[in-house]
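Engineer: after the sequence you'll find the predicted model.
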Amino acid sequence: MSSLSASDVAATPAPPAPERPASIKVENVSISYQSTLQATPTLIGTMSRLRRRKKIRKEVRAVRDVSFEVPRGTVLGVIGANGAGKSTLVRAMAGILPPTSGRLEVHGRVSTLLALGVGFDRKLTGRQNVLLGGLAAGLDRDQLAAKYDEIVAFAELEEYMDMPMRTYSAGMYGRLAFSVAVNMEPDILLIDEALSVGDAHFKQKSFAKMRELCDQAHTIVLVSHGMRAMRQLADEVLWLDKGQVRGYGKPGQVIKAYREFMRVSEADEASEEDV
Amino acid sequence: MSTETVKHDPPPQENPAAIADGWADAYTPEVNVYVPHRTTVPPLRPYLAELWRRRDFAVEMARMRLRAQHYGTVFGMTWLLLGPLCLGGVYFVLVDILRGGQHPPGFFAHLLGGIFAYQLFAESVRRSAASVTSGGKLILNTAFPRALLPISEVITSIVRFGPMMVLYAVIHVLSGLPVNLNTLWALLIFAEIVVFASGLSLLMAALQVYFRDVKEFLPYLMRVWLYLSPVLWYADEVPHGYGWLLYVNPLGPMLTAWSESLNQGITPGGNWLLVGAGWAVLGLIVGFVFFTSREREFAVRL
């Protein structure tokens, strides 16, 4: 490895105390869960296994003793190899997965745009999915009615809202998901590898929207493999490796160390573009 | 789910520097703290507050489901009523053959009233069982009290129960059965059935996450349970010495009192009402505790 190795970045782990109040505080958080090796867990399967006394559980330690703070109005980029614990960490911030140990403090209303996109039921129309998703996220009908037109206009899907979502293309699906997430007026927006879907025009629009949110002191946590997006958007980058913090700091520095660690050359276009 | 949702008012003033530069002005009032919790029930008050705050979600989901079933149209309603009515007819013929054509007057109304009440219970539980496992994406992407999913299925079953009772009223009057103040007791028993159904719905929805074949067993369980409940027969026909079976079966006291008040127009026995209420509350507590103590794990199980 060259002058700046991965361990050098790791040697400066805790970021200095933020000048702005923390939006998200992550304190010594570890997350592990029992994963079953069965394809489909069934009662019959469990009983026959009990008889044979065969264990098929495996503990997955997805996040290990991670601590950091995200100040308000910051875009935090999270990078790391597949299976590094990025999605698990983001889910814990959203309150979907409880930490196994440690503590998370999240100030403000959270809106999530996680890997699988918005929506609940592909049989339902776009309009119904927006309504159900919004109500589940804790908005009331009036708030949603006020936001609805804005959501549809941003996603540019006016003609498609009364069609079942199974008729949508992946790009349309992603555009609606993004539009719902950013238009919920979140204090904190969590985005997990969900920016790759739109076309160039929409991608540009979504970047601009995220910048706008940040300027209004909203906080964004962005998980992405796209290094160009990270450089453009992130103020700070967190590098996770096997559930542990490998680096935290300015994008240029951390991304460089990450690339070296992953043995990806600077000139590699694929890793730049894959947002 | 958050374990503690603290609403700060006035806003927390943690960082004087931040306040000085204006950051605290619009500081958000909501703070969520997530700490470890394994198999324990979440703090009850915030959980129930969140549940209540998002009640519109459960109602809207029930509404969409009913719309998908064409509830509200003539054809949809016909299908909705035809099923239980045919079921009633089939059982009536079957029981009539078994009884050798001997049945008390108003038996068909008793049978139908019992089947409708039983459908309310069984449909709630059967549909709820799949509610969490089929809520995949929403559960993976949004934090909300998962109990809303089975509750929404119970709401659907209650709405579907309405027209069935209109049909019952017609059969009741045609059978020449009495309508009096005792009929009103049926409202209390309806409440008991709904409470018990909600408890069992929560239980089955959570079990289905761990054992995906629970749903397969349920129809058989429900069929046998129907035979064991005073629907195809009257409670006072139970042979001497076997009366305790009616108390052991949670639906026994409820459906006995249901038939007494609704069908026969007599004051239901206090013992039935009390034991029924006991079973209902117990069912709800067991279901709620089991569901809520495990629901935070659902996201990794789906």
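Structural biologist: Looks like it came in fine.

Engineer: number of nearby residues for the closest residue to residue B:158 other than its chain neighbours?
Structural biologist: Once flanking residues are discounted, residue B:158 sits nearest to residue B:194: 6.5 Å by C-beta to C-beta, 6 or more residues apart in numbering or on different chains. From N, CA and C alone the C-beta is placed, and that goes for glycine too. Neighbourhood size, residue B:194 [other C-beta atoms under 10 Å in any protein chain shown]: 20.

Engineer: ok, residue B:194 - contacts?
Structural biologist: B:120, B:124, B:154, B:158 (C-beta atoms under 8 Å, 6 or more residues apart in numbering or on different chains).

Engineer: now name the helix or strand holding residue 31.
Structural biologist: Since you didn't name a chain, this refers to chain A. Using DSSP states H and E, residue A:31 sits in strand A:22-36.

Engineer: wait, chain B was what I had in mind.
Structural biologist: Assigned by DSSP H and E, residue B:31 falls in strand B:30-34.

Engineer: what's the first helix or strand after that strand?
Structural biologist: Strand B:30-34 is succeeded, C-terminally, by helix B:44-53 (DSSP H and E).

Engineer: for chain B, what spans make up the strands?
Structural biologist: B:4-7, B:30-34 (DSSP state E).

Engineer: if we can go back for a sec, of all the contacts of residue B:194, which comes closest to residue B:231?
Structural biologist: residue B:120 (12.1 Å; C-beta to C-beta).

Engineer: touching, that closest one and residue B:158? I think so.
Structural biologist: Yes: in this structure, residue B:120 is within contact of residue B:158 by C-beta atoms under 8 Å, at 7.0 Å.

Engineer: between those two, which has more neighbouring residues?
Structural biologist: Just comparing residue B:120 and residue B:158: by other C-beta under 10 Å the higher neighbour count belongs to residue B:120, 21 against 17.

Engineer: so what's that one up against?
Structural biologist: With C-beta under 8 Å, 6+ apart, residue B:120 has these contacts: B:157, B:158, B:160, B:161, B:164, B:193, B:194, B:197.

Engineer: got it, and residue B:121?
Structural biologist: So residue B:121 contacts B:193, B:196, B:197, B:200, B:251 (C-beta under 8 Å, 6+ apart).

Engineer: show the pLDDT at the residue most central in space within chain A.
Structural biologist: Geometric centre of chain A, nearest residue: residue A:192, 2.5 Å, by C-alpha atoms, centre = their mean. pLDDT for residue A:192: 84.

Engineer: that one pairs with what?
Structural biologist: As for beta bridges, residue A:192 partners with residue A:223 under DSSP bridges.

Engineer: report the separation between it and residue A:173.
Structural biologist: Here residue A:192 is placed at a distance of 15 Å from residue A:173 (C-beta to C-beta, to the nearest Å).

Engineer: among the contacts of residue B:194, which ones are in helices?
Structural biologist: B:120, B:124, B:154, B:158 (DSSP state H).

Engineer: let me know the closest of the contacts of residue B:194 to chain A.
Structural biologist: Checking those against chain A by C-beta to the nearest C-beta gives residue B:154 as the nearest, at 17.3 Å.

Engineer: need the max-distance pair from the ones in helices among the contacts of residue B:194.
Structural biologist: Of all pairs in these, the most separated under C-beta to C-beta is B:120 and B:154 at 9.0 Å.

Engineer: overlap in contacts, these two.
Structural biologist: B:194, B:197.
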